[in-house]
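1. could you work out the structure for the sequence below:
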Amino acid sequence: MHIASDRKRDEFEISVVPLIDVLLTLLMFFVLTTTFVRHSRMQVTLPKASADTATAQLHPLVVVIDREGHFYVGSNQVLGSGVDALKRAIGSVAGSERDQPVTLRADAMTPHQAVVTAMDALGQLGFTRLSIATTPDQGSDSQ
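-> Residues are numbered from 1 along each chain as shown. Modelled structure (predicted):
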């Protein structure tokens with residue numbers, strides 16, 4: 001007795017459409033994240049130091065800003081307020097020498113606007129060699 005099966009053999013098939021969807025989603029994820037990483041990095045050209053004797057001979061112009069936002073050029077307090085008074089004071093001390101280095105020394109509690117005002121005045125006068133004085137961090141032991 002032979003029982004014939006009228007059922008056809010089940011044919012298995014693998015659908016690749018969901019696999020392609022997953023792969024394309026992963027591809028888009030990696031493309032977008034690498035693009036974001038590239039745009040979020042800041043490209044900075046770092047300064048180089050050398051033992052140039054011409055630089056060593058120039059004494060830097062020092063602009064000091066105290067806690068209240070008062071400006072000092074060298075050891076003289078700037079009379080008046082604003083960019084124009086600061087430009088006049090810097091111009092009288094520096095003369096026509098715009099290539100000399102400028103050191104900006106501001107108290108840690110100085111209002112940010114006062115520092116930006118000093119940088120703006122120096123930029124308007126044509127100074128391009130600006131450095132901001134800092135003190136070394138003593139670590140978190142003092143907290």
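
2. hey, let's count contacts and neighbours off CA atoms from now on
-> OK.

3. so for the residue nearest to Leu61 when sequence neighbours are not counted, what's the pLDDT?
-> In space, and not counting its chain neighbours, Leu61 is closest to Val102: 4.6 Å by Cα to Cα, 6 or more residues apart in numbering. For Val102, the pLDDT comes out at 90.

4. contact partners for Val102?
-> For Val102, the contact set (Cα atoms under 8 Å, 6 or more residues apart in numbering) comprises 60-63, 127, 129-131.

5. run the last query once more with 10 Å
-> 59-63, 94, 122, 127-132 (Cα atoms under 10 Å, 6 or more residues apart in numbering).

6. need the max-distance pair from those.
-> Ala94 and Ile132 (17.9 Å; Cα to Cα).

7. more neighbours: which of the two?
-> More crowded of Ala94 and Ile132, by other Cα atoms under 10 Å: Ala94, with 17 against 12.

8. burial count for the closest residue to that one other than its chain neighbours?
-> Sequence neighbours aside, Leu61 is the residue nearest to Ala94 in space, at 7.2 Å (criterion: Cα to Cα, 6+ apart). Number of residues near Leu61 (other Cα under 10 Å) recorded here: 17.

9. residue boundaries of the helices in this protein?
-> Assigned helices in the chain, in chain order: 17-40, 53-57, 83-94, 112-125 (criterion: DSSP state H).

10. so which of those comes closest to Gly69?
-> Comparing those by Cα to Cα, helix 112-125 comes nearest, at 5.7 Å.

11. now do the buried residues in the closest one.
-> 114-115, 117-122 (16 or more other Cα atoms under 10 Å).

12. need the contact partners of it.
-> So helix 112-125 is in contact with 63-71, 82-88, 90-91, 96, 98, 102, 104-107, 126-130, 132, going by Cα under 10 Å, 6+ apart.
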